[in-house]
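Undergrad: Return atomic coordinates for the entry below.
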Amino acid sequence: MTNRYHFDGLIEAARPFALEKAAEIKKAGEERSNRLKRKKPQLVVDNDA
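TA: All right, here's what the predicted structure looks like:
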C-alpha cells in the first residue's frame, strides 16, 4: 500500500506568503547592499603631533 498526498491546495494557499517573504528578503538584501556602499569617512593620520 502506498501513501499518496496532494498538496495542491496547500501550495496555492501558501503562495502569497512565500511571495511576500521573497520580497522581504530581496528588500533586506538591497538595504544591506546600500549600507555597504555608503561613503565612509576618510581616515587621516597626523604624525606631526
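
Undergrad: Please spell out the segments of this structure that come in under the pLDDT threshold.
TA: Scanning the chain for pLDDT under 70 picks out 49.

Undergrad: Secondary structure element for the residue minimising distance to the centre of it, which one?
TA: With distances taken as C-alpha atoms, centre = their mean, the chain has Ile25 as the residue nearest its mean C-alpha position (2.4 Å). Assessed by DSSP states H and E, Ile25 sits inside helix 8-37.

Undergrad: Please apply the same query to Val44.
TA: Applying DSSP H and E, one finds Val44 in no helix or strand.

Undergrad: and the gap between it and Lys37?
TA: Taking C-beta to C-beta, to the nearest Å as the measure, Val44 and Lys37 are separated by 22 Å. Placement of C-beta: from N, CA and C, glycine included.

Undergrad: between the two, which one's more packed in?
TA: Neighbours per residue (other C-beta atoms under 10 Å) separate Val44 from Lys37, with Lys37 holding more: 8 against 5.

Undergrad: got a list of what the more buried one touches?
TA: Under the criterion of C-beta atoms under 8 Å, 6 or more residues apart in numbering, Lys37 has no contact partners.

Undergrad: any idea how far it lies from Ala18?
TA: 29 Å.

Undergrad: cool, His6 as well?
TA: Applying C-beta to C-beta to His6 and Ala18 gives a distance of 18 Å.

Undergrad: out of those two, which sits in the busier spot?
TA: Neighbours were counted for His6 and for Ala18 using other C-beta under 10 Å; Ala18 has more, 10 against 7.

Undergrad: tell me how far the helix holding Ile25 is from the chain's mean position?
TA: 6 Å (C-alpha atoms, centre = their mean, to the nearest Å).

Undergrad: Next, work out how far apart Lys37 and Glu31 are.
TA: Where Glu31 is concerned, Lys37 sits at a distance of 11 Å (C-beta to C-beta).
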